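# this one's structure only:
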């Protein structure tokens with residue numbers, strides 16, 4: 001019997017969020033398809049729960065403590081050495097990296113170790129909005145360098161692919177679009193009915209409820225949403241905003257809401273786990289991001305039949321059909337965001353039509369779609385490299 005193809009996935013952190021979910025789901029799917037898969041990740045207290053859940057799902061995980069998110073030259077060299085030894089020692093035929101930091105170090109280690117196939121999924125990019133101009137230029141240069149070592153760059157959406165193309169990160173022939181698959185069946189099965197979800201949150205059945213979900217960092221645009229909310233409350237005095245997430249801006253966001261006179265209308269609920277219970281209580285979902293590779297919460301909202309208001313940045317216009325499943329607004333504009341929310345809030349029938357259209361569109365971003373495309377990609381690259389793939393179903 002032929003040996004199974006050995007695959008290594010590398011990601012800096014396994015924290016609650018889209019990139020980690022995507023990575024774990026991919027590892028599980030590849031294992032089910034017959035690949036011998038290992039997942040390497042950095043360690044940290046915030047990762048314990050997600051790592052435990054991944055292991056419970058059958059993931060073999062190798063901890064690389066020196067693989068950290070921030071730039072730390074000595075630790076980064078240690079991570080490079082650790083990954084090089086792991087790849088060389090276990091002779092992985094495919095190395096698939098995720099996110100920027102693990103992507104650069106992991107790809108360099110794979111290239112040095114002579115891995116036959118190297119794949120990278122950026123999960124968005126850090127070309128703007130995250131760091132200073134100088135750091136952003138450095139990261140762009142590093143991404144261009146690493147792209148030359150990469151057989152395929154996996155983009156979550158056509159919008160993310162275009163962001164890389166215009167910045168000359170890799171050649172178009174190396175791009176492939178594979179969405180970050182969302183488990184639609186699980187969402188629909190576990191999300192409570194609207195009435196029950198509202199009762200649990202203490203939200204009046206008739207009040208307008210806008211929900212957002214994601215990490216509480218500047219790039220997600222939560223300050224823009226809070227600045228938009230006084231106008232929303234002016235039109236709907238009982239309106240509420242609930243943001244599900246954790247991060248360093250929690251205190252500042254709540255202070256901003258109080259300063260704008262809407263503190264009593266804004267609530268931040270910690271953690272993304274169980275976010276479907278919050279989403280299912282809402283009338284519409286807001287995604288005010290300033291930079292977004294795809295936005296899994298958009299798919300989750302549409303899967304539940306909810307219209308969305310989102311910034312027209314990155315991959316979001318690929319996910320949201322503007323005017324059909326939601327409204328797209330210019331990024332960074334509280335006025336445009338408020339206007340779009342109010343417009344939909346005043347038209348329940350339109351919200352319902354958009355929600356139904358969203359249910360259908362969400363199927364294009366399902367877990368099954370992602371799994372099928374990843375398996376096709378692996379088979380294609382293994383065949384092109386002349387590697388054995390007979391042991392893979």
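Now that the structure is in, tell me what you want to look at. These numbers were taken from a predicted model, which means no experiment stands behind them. Numbering: from 1, shown residues only.

# could you use CA atoms for every contact and neighbour count after this?
Fine.

# low-scoring stretches of the chain, by residue?
Along the chain, segments meeting pLDDT under 70 span 1-2, 16-17, 44-47, 125-131, 271-274, 387-393.

# that one: strands as residue ranges?
6-11, 36-41, 60-63, 94-98, 117-121, 152-155, 175-177, 209-213, 240-244, 266-269, 284-287, 308-311, 326-329 (DSSP state E).

# out of those, which is the most enclosed?
strand 308-311 (a mean of 28; mean count of other CA atoms under 10 Å).

# now the strands of the chain in CSV, please, with extra columns for distance to residue 104.
As requested, these are exported to CSV (distance: least, CA to CA, whole Å):
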stretch, distance to residue 104
strand 6-11, 10
strand 36-41, 14
strand 60-63, 18
strand 94-98, 8
strand 117-121, 9
strand 152-155, 12
strand 175-177, 17
strand 209-213, 28
strand 240-244, 31
strand 266-269, 34
strand 284-287, 29
strand 308-311, 29
strand 326-329, 33
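
# which one, of those, ends up nearest to residue 254?
Within the strands of the chain, the stretch nearest residue 254 is strand 266-269; the backing value is 7.5 Å (CA to CA).

# please enumerate residues in contact with that closest one?
For strand 266-269, the external contacting residues (CA atoms under 8 Å, 6 or more residues apart in numbering) are 240-246, 250, 254, 257.

# repeat that for stretch 115-125.
With CA under 8 Å, 6+ apart, stretch 115-125 has contacts from 19, 87-88, 91-100, 103, 107, 110-111, 149-156, 160, 291-294, 314, 381-382, 385.

# please pick the buried ones from those.
Neighbour-count burial (16 or more other CA atoms under 10 Å) is assigned, among the contacts of stretch 115-125, to 19, 87-88, 91-100, 103, 107, 110-111, 149-156, 160, 291-294, 314, 381-382.

# looking at the contacts of stretch 115-125, which are in helices?
Among these, the members found in helices (DSSP state H) are 19, 87-88, 100, 103, 107, 110-111, 160, 381-382, 385.

# for residue 370, state which of those is nearest.
residue 19 (13.3 Å).

# separation between that closest one and residue 230?
Using CA to CA, to the nearest Å, residue 19 is found at 33 Å from residue 230.

# now swap in residue 67 and tell me
42 Å.

# between the two, who's got more neighbours?
Between residue 67 and residue 230, counted using other CA atoms under 10 Å, the more crowded position is residue 67 (29 against 21).

# distance check, that one against residue 7.
The gap separating residue 67 from residue 7 is 19 Å, by CA to CA.

# residue 4 is in contact with residue 35, isn't it?
Yes - using CA atoms under 8 Å, residue 4 is in contact with residue 35, at 5.6 Å.

# look at these two and report which has more neighbours.
residue 35 (21 against 15).

# backbone phi and psi for the more buried one, please?
Residue 35 has phi and psi values of phi -80, psi 150 when expressed as degrees, to the nearest 10.

# thought residue 9 was touching it, still the case?
No - in this structure, residue 35 is not within contact of residue 9 by CA under 8 Å, at 11.9 Å.

# do you have the helices of the stretch 251-393 of the chain handy? List them.
275-279, 296-303, 316-319, 334-345, 348-362, 367-385 (DSSP state H, counting those that start in this stretch).

# so can I have CSV of those showing distance to residue 13?
As requested, the helices of the stretch 251-393 of the chain are exported to CSV (distance: least, CA to CA, whole Å):
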stretch, distance to residue 13
helix 275-279, 20
helix 296-303, 18
helix 316-319, 24
helix 334-345, 32
helix 348-362, 27
helix 367-385, 21
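
# most packed of the ones you listed?
helix 296-303 (a mean of 26).

# outside of that helix, which residues touch it?
Under CA under 8 Å, 6+ apart, the answer for helix 296-303 is 18, 180, 182, 184, 187-188, 213-214, 276, 279-280, 285, 287, 307-308, 319-320, 325, 355, 358-363, 365.

# what angle sits between that helix and helix 348-362?
Angle of helix 296-303 versus helix 348-362, following axes from the mean of the first three to the mean of the last three CA atoms, to 10 degrees, is 110 degrees.

# how far away from the center of its chain is helix 296-303?
From the chain centre to the centre of helix 296-303 is a distance of 11 Å (CA atoms, centre = their mean, to the nearest Å).

# same thing with stretch 307-321?
In this view, stretch 307-321 has its centroid 14 Å away from the chain centroid, taken as CA atoms, centre = their mean.

# can you pull the contacts of residue 25?
By CA under 8 Å, 6+ apart, residue 25 lies in contact with residue 367.

# kindly provide the distance from it to residue 160.
Counting by CA to CA, the gap from residue 25 to residue 160 is 21 Å.

# cool, residue 81 as well?
31 Å.

# ok, residue 381 next?
The gap separating residue 381 from residue 160 is 22 Å, by CA to CA.

# which of the helices of the stretch 251-393 of the chain sits closest to residue 56?
Closest to residue 56 of the helices of the stretch 251-393 of the chain, according to CA to CA: helix 367-385, at 18.8 Å.
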